[in-house]
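Trainee: next comes the sequence, and after it the predicted model I'd like to discuss.
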Amino acid sequence: MAPVLTGGCNCGAVRYTAEGPPLRTGLCHCQTCRRETGSHGMWFGVWNRGAVSISGETSSWTERTETRHFCPRCGSRLFATSDDEEIEIRLGTLDQAPSKLRPDYELWIVRREHWAEPLAGTAQYPGNRSEG
């Protein structure tokens, strides 16, 4: 039986269910993710859109590569979508700590903080994966 992960925003107005393991997981150190999280980066998992169901209304804004969705009531950043058939879930929004998941790669390592060591065993990209 495939694992089912659930999550949502802080106030409960938006909920989601992701069926099966993610296609991949990553850490991003880009400026957009820093601003979105108010931290040094973002941890995310990518699923096929068909594996994720969402209830509740989100607001969104579009950035160069994707549309980023958040709860309009509490402001929790939840997931991002792009033109392809994938959805990128912010793993900090899962109901249970995603302790069994580990990042496969890091993006925008040129912006990684000097005190943050590269994560051993992960692919390292200077920008987005599509850029090299």
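Mentor: Structure received. Numbering: from 1, shown residues only.
Trainee: ok, which stretches of this structure are strands?
Mentor: Counting by DSSP state E, the chain forms strands over residues 4-8, 15-19, 24-28, 42-48, 52-55, 59-62, 67-70, 77-81, 86-90, 105-107, 123-124, given from the N-terminal end onward.
Trainee: and the last one, what does it pack onto?
Mentor: Same thing as strand 123-124. With contacts defined as 3 or more CB pairs under 8 Å, 6 or more residues apart in numbering; DSSP states H and E, strand 123-124 has these neighbours: strand 105-107. All C-beta spots, glycine's among them, are computed from the backbone N, C-alpha and C.
Trainee: same question for the strand it packs on, mean pLDDT?
Mentor: Summarised as a single mean, pLDDT over strand 105-107 is 97.
Trainee: tell me where the model's unsure across this structure.
Mentor: Within the chain, the set of residues satisfying pLDDT under 70 comprises 1, 131-132.
Trainee: gap between S59 and Y16?
Mentor: S59 sits at a distance of 15 Å from Y16 (criterion: CB to CB, to the nearest Å).
Trainee: who's more crowded, these two?
Mentor: For S59 versus Y16, the count of surrounding residues by other CB atoms under 10 Å is larger for Y16: 24 against 12.
Trainee: if I look at the more buried one, how far off is T93?
Mentor: In this structure, Y16 lies at 8 Å from T93, with CB to CB as the measure.
Trainee: between these two, which contacts overlap?
Mentor: G7, G8, L78, F79 (CB atoms under 8 Å, 6 or more residues apart in numbering).
Trainee: what's the burial count for the second one?
Mentor: For G8, the count of nearby residues is 21 (other CB under 10 Å).
Trainee: just list whatever residues bridge to it.
Mentor: Under the criterion DSSP bridges, G8 forms beta bridges with R15.
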